[in-house]
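> Following is a predicted model, sequence given first.
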Amino acid sequence: LGHCHGTRRWSLGGDLERHGPGAFGFYNSGQLFLEDYYTLGVMTKAGLGTPHVDGNTRLCTATAGAALKETFSSDGQPASYVDVESCDTLFLVGHNVAETETVLWMRILDRLAGPDPPKLVVVDPRPTVPARRADVHLAIRNGTNLALLNGILHELIANGWTDEGWIAQHTIGFEDLKAVVSGYPPERTAELCGVPEEQIRAAAEILGKSDALLSTVLQGVYQSNQATASACQVNNINLARGMIGKPGAGVLQMNGQPTAQNTRETGADGDLPGFRNWQNDAHIEELATLWNVEPLTIPHHGPPTPAMQIFRYAEEGSIRLLWIIGTNPAVSLPQLGRIRSILRQEGLFVVVQDCFLSETARLADVVLPAAMWGEKTGTFTNADRTVHLSDKAVEPPGEARSDMAIFLDYSRRMGFEDRDGKPLISWSTPEEAFEAWKECSKGRPCDYSGLSYDKLRSGSGIPWPCTAERPEGTERLYEDGRFVTDPELCEDFGHDLLTGAANDEAEYRVLNPAGRAILKAAEYRPPHETPDDEYPFSLTTGRTVYHFHTRTKTGRARELVDAAPDAWLELAPTDADELGISEGDWVRAESRRGWIQARARLTGIKDGVVFAPFHYGYWDAGESAPDGHPRAANELTVTAWDPVSKQPTYKLAAVRLEKVADAEGPAPAPTVTASAPAEGP
Amino acid sequence: MTRFGDAIRRAAEVESGLAAEFARTAVEHEDEPDVAHLSSLFAEEAEKQANNLAALATRHGDTSDGLPPLLDDLTRLYLHVQEAWIYATIVRQGALAKRDEATLAVAESLLQEAARQAKWLTTRIKTTAPQALTVE
């Protein structure tokens, strides 16, 4: 089983009896295949019985799932990418689509350059490429999404741009929503968000007069203050206008990684497979019957443990085995000094399963070499529910095996059995795993039962639900205006948006949504950490188009490395002037938790805001940690998360800046993206 | 010897104390027949449950360390919130009787806040307890 690094010894199984399943934690990925995730889900839930399973999707797309669950009571993307073709207005909220989903952006560019282009409204503190193309660009102060969206809802209601008949028939909660947003007139919203009042009015007018509104949301919302509450307000804008389930009209709560959707569907992010509700005993019974195990084996005594809490349990010593699969927390989690110290902690046994020797793998006790996507067969589902099959192209190198093969081997060695003493997991090939998943998803909102490998090979992707009745799949959800809010069917009973307190079944039944969507409102609250005299700048982090995640793959492609070879810090020219910083100067950025050094790029970013790309770590220097030269943005970020989705708040940290050395040339930042140099005076 | 055993032992003690309080109330307020009768009934119920729990605590073993610190503090907070909630209820009832709108408004907003606090604490305690009590 792989290569042993350290001196710590732990049996992957022997300690289960001694410590109990709660001592096992699994932190996986948004980059495996459906078959890998489902096998992991069954292995951890019905084999080990631990609730401590999460994906790094917690960092990128947990809020998408959470917001869909709050509004519609179940995960499931309402709209389709096809809606880009027929929308007349695009509302991109914290979504730098040009750098995060390049294919989708090409589709949008076709519309923007074609006849009858859609109107474009963009919310982003940076001058992203979509922002530069927008009819209205709302460059809000980071952390104020909720105030802005409440302000827009205020304008939609005040100007009669809502569809009252549709609202009455298909939603509940409109009176509460109205009461909350009445406190966000444009004057106050402008003040809170740091944008001109007339821009808020103009944006609301475009959204309010649109006949086919497609709204999209990504990390600018998900990784910021009041993430779930804000993402819900985007749902509310579309619902208040009856703009859902129709061609060109809908919401795309986007995903961050290629198979993030599957992590959420199969139970690899801790949720129960098939969007089942952990508070619904009938759902647990269905899984117990399917897997032929006792219902109490399946952990459902509380919501699944989110990633940050898994690391907290490891820190306090109750999780003793941490198995990390296809992700790199030593660069991607907030407050890296703390994360590295947890991973190095005496008494914690760290297993890393990956294709490359990442920073995290360098800190592991055991490394299990895993095959990459081209080296194995499996399916993946994109953000609009479209399922694709990816066939193996080449054999994996050396001892590497597919993630599924590793999980199957572990399950066999652990002797996981069902109630009849037969092996718990009966499949051995990806296709068999897919067939098992079809059975698990049948009758649920994410129904795959009408799909097969043959069918997926015979054409292009097919969006779920795909059943005998809908053999070609389902382009768009909720076309009949009926939502998944029946208590027996729904995935979740919802939460208090401010605290994350969970509703129980009785509370949910009192709401009586009965197939109607739930309009949830929330008051804006300032972020935990705001700039002050000591740390006067607001740091936000994010992607550049040339790299993905922590560069474990893109950092090995020469063209991509040449395009964005090293970290940088973006700041506004006026701020740079005050600090005596010029383009390319070496700058030290310091927060209460750590510091980094990188070269300065002067851009059209909002005054007072600093941006750092999150890709850069230390593996290419052969290190797991900075050797006197810290450059990972997460050295600075804060340990804090959204109360509902538990997604970490990467886009808000107070920092101070200081010039440390003169430029030798321009910053190593791309020049044609959001990082483009500011235009001259 | 487990923290789980400690939690059961604590529940047994609470239940036993509750039985005693109900029994005392039944005697103290025998002129209020409904209070007296129901208190006697509840005292019996609580006594039985105290015995059930004590037997389970013995079976699971206890360390007499009490609840782990975070769980202990959250539990204390929850009890405190319940106390605040019931006093606010009493104040609200008084304010209704006195037609005192200012006091009524404060009591009602307090009730709302207490309900949210209790709900959050319940959620957090439910998540914390399994790990704090059962992982060795």
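That came in fine, so what should we check first? Residues are numbered from 1 along each chain as shown, chains lettered A, B, ... in the order given.
> For B:Glu13, give its distance to A:Val587.
Separation of B:Glu13 from A:Val587 (C-beta to C-beta, to the nearest Å): 60 Å. For every residue, glycine as well, the C-beta is placed using N, CA and C.
> oh, I was asking about A:Thr171
Separation of A:Thr171 from A:Val587 (C-beta to C-beta): 49 Å.
> B:Glu13 and A:Val587: which is more packed in?
For B:Glu13 versus A:Val587, the count of surrounding residues by other C-beta atoms under 10 Å in any protein chain shown is larger for A:Val587: 24 against 14.
> for the longest helix seen in chain B, the distance to its chain's centre please.
The longest helix of chain B (DSSP state H) is helix B:101-134. Centroid separation for helix B:101-134 versus its chain: 13 Å, with C-alpha atoms, centre = their mean, to the nearest Å.
> in the chain, which ranges drop under the pLDDT threshold?
Using chain A. A:1-14, A:680-681 (pLDDT under 70).
> meant chain B, my bad for not saying
B:1.
> Enumerate the residues of it near chain A.
By C-beta under 8 Å from any C-beta of the partner chain, the residues of chain B that approach chain A are B:116, B:119-120, B:122-123, B:126-127, B:130-132, B:134-136.
> can you give me the helices for chain B?
Going by DSSP H, chain B shows helices at B:3-28, B:33-60, B:69-98, B:101-134.
> what does chain A put close to chain B?
Counting by C-beta under 8 Å from any C-beta, the residues of chain A near chain B are A:18-20, A:22-23, A:51, A:301-303, A:305, A:309, A:313, A:318-319, A:496, A:498-502.
> burial count for the closest residue to A:Gln261 other than its chain neighbours?
Nearest non-adjacent residue to A:Gln261, counting by C-beta to C-beta, 6 or more residues apart in numbering or on different chains: A:Thr381, 4.4 Å away. Here the number of neighbours of A:Thr381 (other C-beta under 10 Å) works out to 28.
> Next: B:Arg76.
12.
> if I look at it, how far off is chain A?
Using C-beta to the nearest C-beta, to the nearest Å, one gets 18 Å for the distance from B:Arg76 to chain A.
> distance of that residue from B:Trp120?
Taken as C-beta to C-beta, the span from B:Arg76 to B:Trp120 is 15 Å.
> Let me see the contact set for the residue nearest to A:Gln261.
Shown in contact with A:Thr381 (C-beta atoms under 8 Å, 6 or more residues apart in numbering or on different chains): A:Leu34, A:Thr259, A:Gln261, A:Asn262, A:Glu265, A:Val387, A:His388, A:Trp464.
> try B:Leu96
B:Leu104.
> same thing with A:Arg444?
Each residue near A:Arg444 by C-beta under 8 Å, 6+ apart is listed here: A:Gly274, A:Phe275, A:Arg276.
> Skipping its backbone neighbours, what lies nearest the second one in space?
Think A:Phe275. A:Glu491 (4.2 Å).
> Test my guess that the one you found contacts A:Arg276.
Yes - under the criterion of C-beta atoms under 8 Å, A:Glu491 makes contact with A:Arg276 at 6.8 Å.
> out of these two, which sits in the busier spot?
Set side by side, A:Glu491 and A:Arg276 show more neighbours around A:Glu491, with 27 against 22, by other C-beta under 10 Å.
> how far away is the more buried one from A:Lys69?
For A:Glu491 relative to A:Lys69 (C-beta to C-beta), the value is 6 Å.
> can you check A:Val351 too?
31 Å.
> Who has more neighbours out of those two?
A:Lys69 (28 against 21).
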